[in-house]
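[1] can you look at this prediction? I've put the sequence above it.
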Amino acid sequence: MTEHTVRSFSQDLEELSADLARMGGLAEDMLSDALQAIASRDLALADSVVARDPQIDSLQVEIEKKILRLLALRQPLARDLRQTISALKIATELERIGDLGKSIAKRVKLVEGIGPAGALKGVARMGRLVTAQLKRVLDAYTAQETDAANKVWIRDEEVDEHYQSLFREVVTYMIEDPRTISACAHLLFVAKNLERIGDHCTNIAEEIHFLVTGEQIPVERPKVDALSSK
Amino acid sequence: MPARDISVWSVVTICLKRMTRRLSSQWIGHKEGIAGMDPMAPPQARTSAMNSSGPASAKVRARSVNVFYGDKQALFDVSLDMPEQSVTALIGPSGCGKSTFLRCINRMNDNILSCRVTGAIEIDGQDINDRTIDPVLLRAQVGMVFQKANPFPKSIFENVAYGVRLHGLARSREELKEMVEASLRKAGLWDEVKDRLGVSGASLSGGQQQRLVIARAIAVNPDIILMDEPCSALDPIATAKIEELIDELRANYCIVIVTHSMAQAARVSQQTAFFHLGRLIETGPTEAIFTNPKDSRTQDYITGRFG
């Protein structure tokens, strides 16, 4: 797209995209480090993830301030308006992803006592999928690629399926050995957090679609409901 | 702006023409046997009332309108519907043809010798360029407000009463007074001027003058009001008053407004049409144009990307 006649307007919008990219990078690192910490029971790494959360929070506050200023001083319209509003919403999604990453990291010391051959493998698999979803959706945002965003949106079904099979698997471990119930419960929370991160990724994908096309993603995504299936 | 000067002069000429035709038009009205209808409505409005085709239809319908100034084509194949009880905003960079198009709707371009208009502009289904249409009566049905308020060098009362007298719309002095008051009230000016109706219209502030000429336009019972950048010379408070007035008038009129302020188009209009280089690029509900325009040129213009 061509530059604004008032160049500082373009600069403001570019700055906003750069801030979001930075926030996305932070969220991505927090998530992968949290998963690494779970897999290798690395408490120091887990602590560093928890310590990074304030960074992402303050970045969100900063982005919100910039957006408020942009709306008041520039009165963006059309795609500029959509870009501004979607940035506001994506920043909120990324902040939530950061929180969920922190929550996963906090559970590292609570999931001890589960054989790595068991449920941890399932969590790691699901973690890789969700990390890839987050990476893809952030790339789609940077490239403003609605097709790539739509793919992320559709692939969330896979995340949900993973969550359900993991749920069943972990419940089986609990039944087999009641001593693992406490740790397994925490692992279920980890799985749930990953599932939620997947949802936030689809929300970001929806924002990208709206930003690029000006319309909502039209069809209801096929949803596998954990509560309704046996 | 020479074009604008011409248009101001044309108002003066119209007034002179109206004076000469006043008697004859009244007489024709009686001869055609429509005297029994609402005497308040100008003859043109009566004709259009008979032709109206349902409330949802477009009040003004432009079809393939081309305008030439000598050899130079200013407007290319413009087709646009302007609905009743609604504000249509015409936006676009300077020289894009939006004012030219606006002036086609009450045949203001007739006054420019080198100007030629082709295509059809219909009001309630009737072509306004038809030979039987009297442009003077047309301009009573289609009122116009300009960028610079142009009150007559007369008292506030006379400014509004002028057109009413010209078209013989009032039967008595009392009725004339009532109509002047009603028009000033509709234009939101009554409370500010009721104690000084005798002072010159030119003594009012810019915003008040603009509302005075709106009162003058609505005094002759138009169906359509054209506005050519009515707020560009006004401060934000006067602008807000005019915008509020436009919103109130919308209930009774079809309003078409040319504006350079995107924010104003967004605030006052229900439909927005974007012109560029003499062509109508895109038209649609105002909300859609400002959040999700389909054409990249519209997008570039409203986001401030035209160099």
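    Yep, it's here.
[2] close to chain A: what parts of the stretch 51-200 of chain B are there?
    Within the stretch 51-200 of chain B, not a single residue sits near chain A (CB under 8 Å from any CB of the partner chain). Every C-beta, even on glycine, is put in place using the N, C-alpha and C of the backbone.
[3] count the neighbours of whichever residue of chain A sits closest to chain B for me.
    Per CB to the nearest CB, A:Gly214 is where chain A lies closest to chain B, at 3.0 Å. Residues within reach of A:Gly214, counting by other CB atoms under 10 Å in any protein chain shown, total 17.
[4] what residues are up against the closest residue to chain A within chain B?
    The minimum distance from chain B to chain A, using CB to the nearest CB, falls at B:Asn292 (3.0 Å). B:Asn292 is in contact with A:78, A:82, A:213-215, counting by CB atoms under 8 Å, 6 or more residues apart in numbering or on different chains.
[5] run the last query once more with 7 Å
    Residues near B:Asn292 by CB atoms under 7 Å, 6 or more residues apart in numbering or on different chains: A:78, A:214.
[6] ok, for the residue of chain A closest to chain B, nearest residue in space, not its chain neighbours?
    Once flanking residues are discounted, A:Gly214 sits nearest to B:Asn292: 3.0 Å by CB to CB, 6 or more residues apart in numbering or on different chains.
[7] so for that neighbour, what pLDDT did the model give?
    With respect to pLDDT, B:Asn292 scores 93.
[8] name the element A:Lys192 belongs to?
    helix A:181-213 (DSSP states H and E).
[9] just to revisit the earlier point, next, the residue nearest to A:Gly214: phi, psi?
    phi -150, psi 70 (degrees, to the nearest 10).
[10] any idea how far it lies from A:Ala143?
    Taking CB to CB, to the nearest Å as the measure, B:Asn292 and A:Ala143 are separated by 20 Å.
[11] quick one: neighbours of residue 110, just the number.
    No chain was given, so I picked chain A. Neighbour tally, A:Leu110, other CB under 10 Å: 14.
[12] to clarify, I was referring to chain B.
    Burial of B:Asp110 is recorded as 16 neighbouring residues (other CB under 10 Å).
[13] do A:Val61 as well
    11.
[14] pull the contacting residues for it.
    Contacts of A:Val61 by CB under 7 Å, 6+ apart: none found.
[15] B:Ala217 against B:Val145, yeah?
    Yes - counting by CB atoms under 7 Å, B:Ala217 does reach B:Val145; the two are 6.0 Å apart.
[16] overlap in contacts, the two.
    B:Ile225.
[17] for chain B, which segments count as helices?
    B:2-31, B:43-51, B:98-104, B:135-141, B:156-166, B:173-186, B:190-193, B:206-219, B:236-249, B:262-268, B:286-291, B:296-302 (DSSP state H).
[18] now tabulate these in CSV and tack on mean neighbour count.
    Below are these laid out as CSV (neighbours: other CB atoms under 10 Å in any protein chain shown):
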stretch, mean neighbour count
helix B:2-31, 14
helix B:43-51, 17
helix B:98-104, 25
helix B:135-141, 22
helix B:156-166, 22
helix B:173-186, 17
helix B:190-193, 16
helix B:206-219, 25
helix B:236-249, 17
helix B:262-268, 20
helix B:286-291, 19
helix B:296-302, 21
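[19] mean pLDDT lowest where, among the ones you listed?
    Lowest mean pLDDT within the helices of chain B: helix B:43-51, a mean of 39.
[20] close to chain B: what parts of chain A are there?
    By CB under 7 Å from any CB of the partner chain, the residues of chain A that approach chain B are A:2-6, A:9, A:75, A:77-82, A:214.
[21] one step back: for the helices of chain B, could you give me CSV that also reports distance to B:Thr118?
    Shown next, in CSV, are the helices of chain B (distance: least, CB to CB, whole Å):
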stretch, distance to B:Thr118
helix B:2-31, 19
helix B:43-51, 23
helix B:98-104, 10
helix B:135-141, 17
helix B:156-166, 31
helix B:173-186, 36
helix B:190-193, 43
helix B:206-219, 28
helix B:236-249, 31
helix B:262-268, 28
helix B:286-291, 27
helix B:296-302, 24
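[22] between these, which one is nearest to A:Leu187?
    helix B:286-291 (44.5 Å; CB to CB).
[23] which elements pack onto that closest one?
    helix A:78-106, helix B:262-268, strand B:271-276 (3 or more CB pairs under 7 Å, 6 or more residues apart in numbering or on different chains; DSSP states H and E).
[24] so what does the second one touch, helix or strand wise?
    Applying 3+ CB pairs under 7 Å, 6+ apart, one finds that helix B:262-268 contacts strand B:86-91, helix B:236-249, helix B:286-291.
[25] export these to TSV and tack on distance to B:Arg297?
    Listed next are the helices and strands packed on helix B:262-268 as TSV, based on distance: least, CB to CB, whole Å:
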stretch	distance to B:Arg297
strand B:86-91	12
helix B:236-249	26
helix B:286-291	12
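[26] ok, which of those comes nearest B:Val60?
    Closest to B:Val60 of those, according to CB to CB: strand B:86-91, at 8.4 Å.
[27] where does pLDDT dip in the stretch 51-200 of chain B?
    Residue ranges of the stretch 51-200 of chain B with pLDDT under 70: B:51-56.
[28] ah, wrong one, I meant chain A
    A:1, A:113-117, A:219-230.
[29] quick one: the helices in it?
    A:7-40, A:43-74, A:78-106, A:119-143, A:146-176, A:181-213.
[30] which one of the ones you listed lies closest to B:Ile302?
    When the helices of chain A are compared by CB to CB, helix A:78-106 sits nearest B:Ile302, at 5.4 Å.
[31] how about that closest one: buried residues?
    Using 16 or more other CB atoms under 10 Å in any protein chain shown as the test for burial, helix A:78-106 gives A:78-88, A:90-106.
[32] got the phi and psi for B:Ser232?
    phi -70, psi -20.
[33] my bad, should have said B:Gln147
    Dihedral angles (degrees, to the nearest 10) for B:Gln147: phi -60, psi -50.
[34] quick one: it and B:Met227 touch, right?
    No - using CB under 7 Å, B:Gln147 is not in contact with B:Met227, being 9.1 Å away.
[35] out of those two, which sits in the more crowded spot?
    More crowded of B:Gln147 and B:Met227, by other CB under 10 Å: B:Met227, with 27 against 21.
[36] in the sheet, who's paired with the more buried one?
    Applying DSSP bridges to B:Met227 gives these bridge partners: B:Val145, B:Ile257.
[37] is it true that it touches B:Val145?
    Yes - the criterion here is CB under 7 Å, and B:Met227 meets it with B:Val145 at 4.6 Å.
[38] which residues touch A:Asp53?
    A:98-99, A:102.
[39] for B:Asp223, give me phi and psi.
    phi -100, psi -30.
[40] show residues contacting stretch B:238-249.
    B:87, B:187-188, B:206-207, B:210-211, B:214, B:225, B:230-231, B:234, B:255, B:264, B:267-268.
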